[in-house]
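Asks: Here is the input, now give the coordinates:
(2 chains)
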2 protein chains.
Amino acid sequence: MSFETQATIATCGGKLLKLAHDAKTTSCQMKFNLFVPPGASSSKPAPVLFYLSGLTCTGDNCAEKGFFQKTAAKKGIAVVYPDTSPRGLGIAGEDDAYDFGSGAGFYVDATKEPYNKGYNMYSYITDELPTTLFSEFKELDGNKVSITGHSMGGHGALTLFLKNPGKYRSVSAFAPITNPSKCPWGEKAFKGYFGEDESTWLAHDATELISKYSGDTDILIDIGTGDNFYKQGQLLPENFEKAAKAAGKDVTVRYQPDYDHSYYFISTFADDHVEHAAKYLLS
Amino acid sequence: MSFETQATIATCGGKLLKLAHDAKTTSCQMKFNLFVPPGASSSKPAPVLFYLSGLTCTGDNCAEKGFFQKTAAKKGIAVVYPDTSPRGLGIAGEDDAYDFGSGAGFYVDATKEPYNKGYNMYSYITDELPTTLFSEFKELDGNKVSITGHSMGGHGALTLFLKNPGKYRSVSAFAPITNPSKCPWGEKAFKGYFGEDESTWLAHDATELISKYSGDTDILIDIGTGDNFYKQGQLLPENFEKAAKAAGKDVTVRYQPDYDHSYYFISTFADDHVEHAAKYLLS
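Replies: Below you'll find the predicted structure:
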C-alpha cells in the first residue's frame, strides 16, 4: 500500500479516510482526505469528484466545512480533498506569505528555482495522485472523474480541465481566480513559480485557455457579490465570461447576492456542484 | 440594542449573525451565533432551536461544521449557538483544563466559590439570553423554542428541558452526558461548581431528572458506537434509557455504527434533529 491511513471516520453513511503518502512530484509526504460513499466496491466502483482548495487551506477545511459529503453519499460519488502545496521542503521563505509558497501551490509545476524542486501541484493532481489512488482503491472508478474547487482551487479546477480535454467529465468552481495573469494573487504566484516572462503565464490562465479550448463546455461558477476578493479584482469572472462568450463556450456564472468567500458560501451551494458533476459522472 | 452585530454572513438562503452582549448572569461579554432563516420577519417570526455545544467549543464550531442551517432554512427555523461558559473572568485556573472552567460551563449555576462569580450558564441560557434576544429580535418567536446539544451540551439540553416543563417544545441530543454524577467529566465539574456534597448534583443529572419528570417526553438521542467517550463511560446512555423506561418516558437512543464524537457525526444526523424539533415547533 502506497498510502498510510491515518484515520477512518464514519460520515454521511460512508467513510472519510485521512491518507498520507510519499509523493515523487512534490518531494515530500502529501496528506489528503478521501470520502468513500456507501455502497462503493470493486464490483461497483464510485465515480470521483476532486475538490481543490484555496489559499491557506489543506484538504481538511472543505472536508469539515464544505459539506459535499451528504449529497455525494446520496449520489454514490467519492470526493478527494488534496492539499494545496508541498509542505516542509525547507525552501527559504516558503512559509512567509499566505498567498505564495506553502498553502499556495496554485496547481502549477514551477519552472523557477528554487520552487521547481517540489512545487509541482499540477503533476501531482493530474497524474501522480490519481494514478496511485486508482491503482490501489478499487472502489473508485478512475475513468469517471470530475473536478471542482474554490478560489485558487477554482483556478486549479478550471485550468486542469481546460488543459486536459477528456480527462475530467465536468468542471465547476466556487469564487475562482479566473484570470490570474491580471490579478495580484496570480501575478505574485506566477512571477515566483515561472519568472517575469508573462508569456509563460498564459498556459495557466483560465481566461486564456477557454479562448483556445476545442471541446464543448458546461461550466458552473458561483460567486458571492459580498466577496471582498471579488470586489478587489482577484477573481475577475467577467473576463472569463467575456472570453467564453467570444469563443462560443457555455459558462454559467451565478452571482449570489451578499455571499462572501467563506465556507458558509461553499456549503450553501455545494449540493448544486455535486449535482452538476453527477450529471456527467452518472450518465 | 443590547447586542453588537460583529458580522452578518449570508448562508443557506438566510443569514448568520455573529452577536455579542454584556451579560449580567455571567459577568462578562458573551458571544454567540444566530441563524435567521429566509422569510423570518416580525409579522412571521421564526421558531427557535437552541444548540448547546460541548467541551472546548464556542458558538462557532457547530455553526461552521454541524450543518444545521440547510434544513433549518427549509423549515423556517432559527438556530441559536451560544458559547459554553463565561470568558476571561480572571478566576485562577479557569483556563487550565479542557473539561472544567472556560469552555466547560456545564449549563449550571455554580454555587461554590470562586466559580459562583459568573459561571451561571443555566440562568444565562434559560433566562437572560432568550429574554434579551426575543425582546430585540422580533423575527424570532420566543413562544416556540426547542433545544438540542452535543456531549456536555447534550447534558445541557436534556437537563434544561427536564427542569423546565413547558419551556421547550422538544429536546434531542448528540452523544450527551446523560448521567454526570456517575462519570469522570461530570464528577469533576460538579465538585468544582457545587462542592463535594453529591446530593446537590442530582438536580443537574438527566438520569435523575427523568425519573421525576411529570410530563410526556419524545426524546431523540444519537450516539456513535465508535465514540471513545462513550466507550470510556462518560456518556452512559444505558443508564438514562433504563431510568426513562422505569418512569414510562419515551426516549429513543439510536446507536449509530462506527460514528465517533466529532462534527462528522453531528453533521450526518443534524437533519434528523432539526426534523425532530420541527415536528413540535411547526405544529
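
Asks: Give me the phi and psi for the residue of chain A most remote from its centre.
Replies: Most distant from the centre of chain A: A:Ser43, at 27.9 Å, with distances by C-alpha atoms, centre = their mean. Here the main-chain torsion angles of A:Ser43 (degrees, to the nearest 10) amount to phi -90, psi -10.

Asks: How is A:Gly142 assigned, secondary-structure-wise?
Replies: With DSSP: H, G, I helix; E, B strand; the rest coil as the basis, the three-state label of A:Gly142 is strand.

Asks: Spatially nearest residue to it, not counting backbone neighbours?
Replies: A:Phe134 (3.2 Å; C-beta to C-beta, 6 or more residues apart in numbering or on different chains). All C-beta atoms are positioned from the backbone trio N, CA, C, and that covers glycine.

Asks: mind checking how far the helix or strand hosting the one you found is from the chain centre?
Replies: Secondary structure assigned from DSSP states H and E places A:Phe134 in helix A:129-136. Remark: helix A:129-136 is offset 17 Å from the chain centroid, using C-alpha atoms, centre = their mean, to the nearest Å.

Asks: other SSEs contacting it?
Replies: Helix A:129-136 sits against strand A:28-36, strand A:78-82, strand A:140-149, with contacts defined as 3 or more C-beta pairs under 8 Å, 6 or more residues apart in numbering or on different chains; DSSP states H and E.

Asks: Just put those strands in CSV and tack on mean neighbour count and mean pLDDT.
Replies: Formatted as CSV, the helices and strands packed on helix A:129-136 follow (neighbours: other C-beta atoms under 10 Å in any protein chain shown; pLDDT from 0 to 100):
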stretch, mean neighbour count, mean pLDDT
strand A:28-36, 21, 98
strand A:78-82, 26, 98
strand A:140-149, 22, 98
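
Asks: Of the ones you listed, which is nearest A:Thr207?
Replies: strand A:140-149 (16.0 Å; C-beta to C-beta).

Asks: Alongside chain B, which residues does the stretch 101-250 of chain A contribute?
Replies: Within the stretch 101-250 of chain A, the residues that sit near chain B (C-beta under 8 Å from any C-beta of the partner chain) are A:Gly224, A:Gly226.

Asks: and the nearest residue to A:Gly59 once chain neighbours are set aside, bridged to which residues?
Replies: In space, and not counting its chain neighbours, A:Gly59 is closest to A:Tyr81: 3.8 Å by C-beta to C-beta, 6+ apart. Counting by DSSP bridges, A:Tyr81 is bridged to A:Asn33.

Asks: List the residues that contact A:Tyr81.
Replies: Counting by C-beta atoms under 8 Å, 6 or more residues apart in numbering or on different chains, A:Tyr81 touches A:Phe32, A:Asn33, A:Leu34, A:Phe35, A:Tyr51, A:Ser53, A:Gly59, A:Asp60, A:Cys62, A:Ala63.

Asks: So A:Leu140 is in contact with A:Pro37, correct?
Replies: No: contact criterion C-beta atoms under 8 Å: A:Leu140 and A:Pro37 do not qualify, at 10.2 Å.

Asks: who touches both of the two?
Replies: Shared contacts of A:Leu140 and A:Pro37 (C-beta under 8 Å, 6+ apart): A:Ala46, A:Ala78.

Asks: Find the helix or strand that A:Phe50 is a member of.
Replies: For A:Phe50, the enclosing helix or strand under DSSP H and E is strand A:46-52.

Asks: what's the spacing between the residue nearest to A:Gly226 when sequence neighbours are not counted and B:Leu160?
Replies: Distance criterion C-beta to C-beta, 6+ apart; nearest residue to A:Gly226, sequence neighbours excluded, is A:Asp258 at 4.5 Å. For A:Asp258, the distance to B:Leu160 (C-beta to C-beta, to the nearest Å) stands at 34 Å.

Asks: Same drill for these two, tell me which one is more crowded.
Replies: Taking neighbours as other C-beta atoms under 10 Å in any protein chain shown, A:Asp258 and B:Leu160 compare with B:Leu160 leading, 24 against 14.

Asks: give me the element the more buried one is part of.
Replies: Under the assignment here (DSSP H and E), B:Leu160 is part of helix B:152-163.

Asks: now the angle from that helix to strand B:78-82?
Replies: 110 degrees (axes from the mean of the first three to the mean of the last three C-alpha atoms, to 10 degrees).

Asks: I'd like the mean pLDDT over helix B:152-163, please.
Replies: Helix B:152-163 carries an average pLDDT of 98.

Asks: quick one: contacts of the next helix or strand after that helix?
Replies: Following helix B:152-163 in sequence order, the next helix or strand is strand B:172-174 (DSSP H and E). Residues from elsewhere that reach strand B:172-174, judged by C-beta under 8 Å, 6+ apart: B:148-151, B:153-155, B:157-158, B:219-223, B:265-266, B:269, B:273, B:276-277.

Asks: Equivalent analysis for stretch A:97-116, please.
Replies: A:52, A:55-58, A:84-88, A:91-95, A:119-123, A:125, A:152-153, A:155-156, A:159-160, A:180, A:185-186, A:188-190, A:192-195, A:200, A:204.

Asks: let's see it at 6 Å
Replies: By C-beta atoms under 6 Å, 6 or more residues apart in numbering or on different chains, the residues outside stretch A:97-116 that reach it are A:55-56, A:84-85, A:87, A:91, A:94-95, A:119-123, A:156, A:185, A:188-189, A:192-195, A:204.
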